[in-house]
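1. Model the structure of this input:
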Amino acid sequence: MLEKRNKGCVFAGSSGPWSICAQRVVNFPAAICAEHAHHCRVADLIRSTQPGGPMDPSHEYVRLSRTGPCACGSTHGDDEECLAENTAANADDALAGAMAQGMLHGLFPERGLRRAFVKTLGRAGALAALTALTPLTQLAAVAQERSSKGAPEKKRLAVGFLPITCATPLIYAEQLGLFPREGLELSLQKIAGIALIRDKMVNGELDISQQVMPVALAMSAGIGGAPIPARVMTVLNQNGNSLVLAMKHKGNRDPKNWKGFKFAVPFEQSHQMLQLRHYLASAGLDADRDVSYRVVPPSEYVSNLRVGNIDGFFGGEPGGQRAVYEGAGFIHLVSSEIWPEHPCCSVTATEAWIKAHPNSFMAAYRAIIAASLHVSEPANRAGMAKILAQPQYLNQPETVVDQVLTGRYADGLGNVKTLPRRIDFQPFPHYSSAVWLLTQMRRWNMIKEDLDYKGLARQVMLATDAKRLIEERGGRAPEVGFRKETILGKSFDSDHPAEYLKSLGRA
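-> Numbering: from 1, shown residues only. The predicted structure is shown next:
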């Protein structure tokens, strides 16, 4: 199975009889040149194996090729040995030749077809053709890497998740069986609240867990206690949150008028708390004194809103959509209106666990990256809501989850809105988002004194490792570095956090 790109011919460049085409196919050989009229030598070779074609197994040329000297003109064994011998100058080349041999078997099951293919193109041409179809050198590198890996120190991993749509990659890692493919057993455990899932990871009940950003940063900085170094392996999702108000406030949409409001958030050091504070402060409120906050598990947002314990909440979906579904509240705004493409949750492990289980860690890392790349493809979203809505996962009405995933949703005020990227699942952990979250924790005195914001971001966010694993699996990852973020329409330069804090009046 080749990397999914555009349909068409596999060859990006050529010499001799090969035609030139810069596109790739989904499957070889069925789809090759399916939408092209130009001459393609490999397509002709494949088509020629059909009944009556020159490489039809019953054809005289192919029949004679089944016996006698190799099609390359030498007297050594089969054509596959010919390809392997042609590349066996060293161990790496021998491995590439062996992979070419296996590919040749898959494309041409008949020995006569294989011999005819090699005779038509010659040894070098045959190997070049196979390499053009699949990057054999990259596959060889992967094969060598896997052969050199040690066995997982711990095979059965306890992985915690929160029952919100952010957990989709972890849920699909289970659904797709990605952990067993890496030699691991997955014990996926649903945990109700952020403090609890953090504590279970710290005390070793969970090996790896979903954590709301910026919990790993707060742990590593020692907020609330001694520092516990933690690492963000991937970001589970972008966006996917909403600021919801009780229906009694539908005529009060200006945050300047929200003095005295009580808001629920999932955790003190959460991006929801930090985004909400930033939003209120930008509207002219004193985010410390004019409103109050209550930490509430995501599953209890709507019930607290319905009985009047809170005026609103800022939390992960499907909480906001469930409030609309039950008529308990309306969506004042979605989180991407404050901070487009912000990170919500992460996959996190403590540094101590990683050092004690390096092979298990990398195996789990590969599985989680693969799951994230799968769910990030819009084409794979069909049927996703039905799976996520199940009781063992989110335990929500399917229509509620579907509105979050598709981005076509009711806002509770009689409007149906369309926002295709209401939630996304790109796994790359940006340093810049970590820096902004750290500056906000300093701004609101959660971090008591200045620190090396960029240094801590580099330490916690495993951007380099994530980039490598994403690209190894055919995904696209941005460059590792400190980019600019846009929050409430203003640019934040993560390369200069101290200057940003000064602009806020925090020296």
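2. What residues sit buried inside the lengthiest helix in the chain?
-> In the chain, ranked by residue count with DSSP state H as the criterion, the top helix is helix 111-133. Buried positions in helix 111-133, judged by neighbour count with 16 or more other Cβ atoms under 10 Å: 111-121, 123, 125-133. (Each C-beta comes from the backbone N, C-alpha and C, glycine too.)
3. Tell me how far that helix lies from the chain's centre.
-> Its chain's C-alpha centre and that of helix 111-133 lie 37 Å apart, by Cα atoms, centre = their mean, to the nearest Å.
4. which secondary structure elements does it contact?
-> Applying 3 or more Cβ pairs under 8 Å, 6 or more residues apart in numbering; DSSP states H and E, we find helix 111-133 packed against helix 41-47, helix 60-65, helix 79-86, helix 91-107.
5. and the gap between Asn415 and Val324?
-> 10 Å (Cβ to Cβ, to the nearest Å).
6. Point out where the protein drops to low pLDDT.
-> For the chain, applying pLDDT under 70 flags the ranges 1-103, 105-107, 109-110, 130-149, 506-507.
7. Run through who's touching stretch 398-414.
-> Stretch 398-414 is touched from outside by 165, 240, 247, 250, 317-318, 321-325, 327, 329-331, 381, 384-386, 388-389, 394, 416-423, with contacts defined as Cβ atoms under 8 Å, 6 or more residues apart in numbering.
8. Swap in 6 Å and give it another go.
-> 165, 317-318, 321-322, 324-325, 330-331, 381, 384-386, 388-389, 416-420, 422-423 (Cβ atoms under 6 Å, 6 or more residues apart in numbering).
9. Likewise for stretch 417-430?
-> 165, 169, 232, 234-235, 237-240, 369, 372, 375-376, 404, 407-409, 411, 461, 463, 466, 477.
10. Out of those, list just those in helices.
-> Using DSSP H, the members of these that fall in helices are 169, 369, 372, 375-376, 404, 463, 466.
11. Just name the closest of these to Asn203, please.
-> Minimum distance to Asn203 across the ones in helices among the contacts of stretch 417-430 is 24.4 Å, recorded for Pro169 (Cβ to Cβ).
12. one step back: and the contacts of stretch 398-414, which of them are in helices?
-> 321-322, 324-325, 384-386, 388.
13. Strands along the stretch 101-250 of the chain, start to end?
-> Ranges of strands within the stretch 101-250 of the chain are 156-161, 185-190, 208-212, 230-235, 238-239, 241-246, based on DSSP state E, counting those that start in this stretch.
14. wait, which of those is closest to Asp290?
-> Nearest to Asp290, of all these, is strand 241-246, at 15.7 Å by Cβ to Cβ.
15. quick one: the helices in the stretch 401-507 of the chain?
-> 431-443, 453-460, 463-472, 497-503 (DSSP state H, counting those that start in this stretch).
16. and of these, who's closest to Tyr365?
-> With Cβ to Cβ as the criterion, Tyr365 lies closest to helix 463-472 of those, at 6.2 Å.
17. And that closest one, how far out from the chain middle?
-> Distance, centroid of helix 463-472 to centroid of chain: 11 Å (Cα atoms, centre = their mean).
18. Weed out the non-buried ones from the contacts of stretch 417-430.
-> If you count burial by 16+ other Cβ under 10 Å, the buried members of the contacts of stretch 417-430 come out as 165, 169, 232, 234-235, 237-240, 369, 372, 375-376, 404, 407, 409, 411, 461, 463, 466, 477.
19. you'd agree Pro152 is up against Gly183?
-> Yes. Applying Cβ atoms under 6 Å as the test, Pro152 and Gly183 come out as touching, 5.5 Å apart.
20. Neighbour count for those two, which is higher?
-> Of the pair Pro152 and Gly183, Pro152 is the one with more neighbours under other Cβ atoms under 10 Å, namely 20 against 15.
21. which residue sits closest to the more buried one in space, ignoring its chain neighbours?
-> Ser360 (4.2 Å; Cβ to Cβ, 6 or more residues apart in numbering).
22. any idea how far the one you found is from Ile208?
-> Distance from Ser360 to Ile208, by Cβ to Cβ: 9 Å.
23. got it, and Glu485?
-> 27 Å.
24. Settle it for me: which of these two has more neighbours?
-> Legend: neighbour count by other Cβ under 10 Å for Glu485 and Ile208, higher for Ile208 (26 against 19).
25. and the more buried one, what is it in contact with?
-> 159, 349, 364.
26. who does it bridge with?
-> When assigned by DSSP bridges, Ile208 has beta-bridge partners Val159.
27. which residue is nearest the middle of this protein?
-> By Cα atoms, centre = their mean, the mean C-alpha position of the chain lies nearest to Ser372, the distance being 2.9 Å.
28. surely that one meets Pro169?
-> Yes. Between Ser372 and Pro169 there is a contact under Cβ under 6 Å: 4.4 Å.
29. Quick check: nearest residue in space to the residue nearest to the centre of the chain, chain neighbours excluded?
-> Pro427 (3.8 Å).
30. right, and the helix or strand after the strand or helix carrying Thr348?
-> Using DSSP states H and E, Thr348 sits in strand 345-350. Next helix or strand after strand 345-350 toward the C-terminus (DSSP H and E): helix 351-356.
31. neighbouring contacts of that following helix?
-> Helix 351-356 is contacted by residues 229, 361 when judged by Cβ under 6 Å, 6+ apart.
32. any idea how far it is from the chain center?
-> 23 Å.
33. Restrict that helix to CA atoms and write it as PDB.
-> Coordinates of each C-alpha in helix 351-356 appear next as PDB, following Å, rounded to 0.1, in the frame of the first residue of the first chain:
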ATOM      1  CA  GLU A 351      10.200  11.400  32.600                       C
ATOM      2  CA  ALA A 352      10.900   8.700  35.200                       C
ATOM      3  CA  TRP A 353       8.500   6.200  33.500                       C
ATOM      4  CA  ILE A 354      10.100   6.900  30.100                       C
ATOM      5  CA  LYS A 355      13.600   6.300  31.400                       C
ATOM      6  CA  ALA A 356      12.500   3.000  33.000                       C
END
